[in-house]
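In: Got a sequence here, can you build the structure:
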Amino acid sequence: MPISTRLPFLTMLALATVLPAAAARAADATPFPAPADTGWLVTVNAKAFLSPRYIGAKTYSVIGFPTLSFRRAGTPQIWSSPDDSINYAVVETPRFSFGPVINYRGGRYADAGHELNGVHKSRWTLEPGIYGDFWVVPDMLRLHAEIRRGFRKEDGFVGSLGADVVGRYDRFTFGIGPRIKLGNDHFIDSQFGITPEDALRNGVFAPFKAQGGIYAVGAYGSVVYKQSEQWSYTLHGGYDRLTQDAARSPITRTSGSRNQYTLGAGVSYTFGWTGWTPSWR
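Out: Sure thing, here's the model as predicted:
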């Protein structure tokens with residue numbers, strides 16, 4: 001499993017601006033916990049992932065980034081999976097939440113491997129969309145769905161469906177469940193298709209028109225250790241098996257792999273704040 005490291009400019013910029021600002025704010029913030037039912041609880045998260053360099057790759061890269069989450073003091077923290085996209089709950093009840101979502105997707109470029117010489121690039125993008133959570137059994141069984149679209153025509157629509165069983169033991173919280181990933185024709189063909197022009201430039205691959213549908217099935221799991229009300233630590237990982245045209249593509253069969261793994265870790269620090277800010281998580 002060859003591994004390369006990359007920390008995009010936006011990640012470094014975010015780390016350089018968000019974390020120092022959050023630390024300064026934490027120094028001046030209300031000692032945790034904030035007074036009951038007043039103010040906000042702010043959580044600063046530092047996350048790192050080991051994942052395929054692009055969808056279908058057999059090589060891996062490490063990426064890190066920070067996030068912030070907010071909730072009203074006195075309200076419980078609702079469990080979420082590390083593979084959920086960044087979201088904002090417009091509607092949130094103990095059983096249901098709904099709102100906008102955004103996800104970053106990396107690209108495939110000229111350094112993807114000599115086998116892909118001449119094949120079109122798949123540029124990185126941001127994918128805004130909507131999400132919905134439904135707790136079949138509160139704090140025990142969650143259903144999660146997202147639908148997103150990148151900014152470019154070739155980015156297409158993508159979706160994900162998942163179910164998670166959540167359990168708590170002492171200071172530990174466990175979550176695990178199946179995943180299904182989907183994409184429309186634009187998305188799948190951009191990621192896995194070979195155009196006639198690609199075939200001429202490459203000289204090895206034949207043209208391949210990839211069709212939309214379910215492109216991966218798998219599972220994701222996580223464990224969170226809560227050291228204190230301020231500090232918690234997360235380990236998580238997942239597996240996807242590419243299916244249909246994503247698995248049949250020459251990009252996958254020749255230079256990639258149907259087996260896609262993700263590993264990750266995170267550290268979170270929570271403090272009280274009496275100001276106001278939207279409840280991103």
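
In: which residues of this structure score low on pLDDT?
Out: Applying pLDDT under 70 to the chain flags residues 1-37, 275-281.

In: where along it do the helices fall?
Out: With helices called from DSSP state H, the chain shows them at 9-28, 185-192, 196-202, 244-248, 250-255.

In: quick one: contacts of the second one?
Out: For helix 185-192, contacts defined as C-beta atoms under 8 Å, 6 or more residues apart in numbering pick out 54-56, 108, 122, 150, 153-158, 183, 208-213, 215, 245-246, 249, 251-252. Heads up, the C-betas are built off the backbone N, CA and C, glycines and all.

In: let's go with 6 Å and repeat that
Out: 55, 122, 154, 156, 158, 210-212, 215, 245-246, 249, 251 (C-beta atoms under 6 Å, 6 or more residues apart in numbering).

In: Over to the shortest one?
Out: Identification of contacts with helix 244-248 by C-beta under 6 Å, 6+ apart yields Ile188, Phe192, Ala210, Gln211, Gly213, Tyr215, Arg258.

In: Gln211 - nearest residue in space that isn't next to it in sequence?
Out: Nearest residue to Gln211, sequence neighbours excluded (C-beta to C-beta, 6 or more residues apart in numbering): Asp245, at 5.3 Å.

In: cool, Ser122 as well?
Out: Arg108 (4.2 Å).

In: Distance check, the one you found against Gln191.
Out: 8 Å (C-beta to C-beta, to the nearest Å).

In: now Gly39
Out: Gly39 is 44 Å from Gln191, by C-beta to C-beta.

In: Ala145 now?
Out: Taken as C-beta to C-beta, the span from Ala145 to Gln191 is 21 Å.

In: more neighbours, these two?
Out: The neighbour count for Ala145 versus Gln191, taken as other C-beta atoms under 10 Å, is higher for Gln191 (26 against 16).

In: Pull the contacting residues for Leu50.
Out: Contacts of Leu50 (C-beta under 6 Å, 6+ apart): Tyr60, Val62, Leu263.
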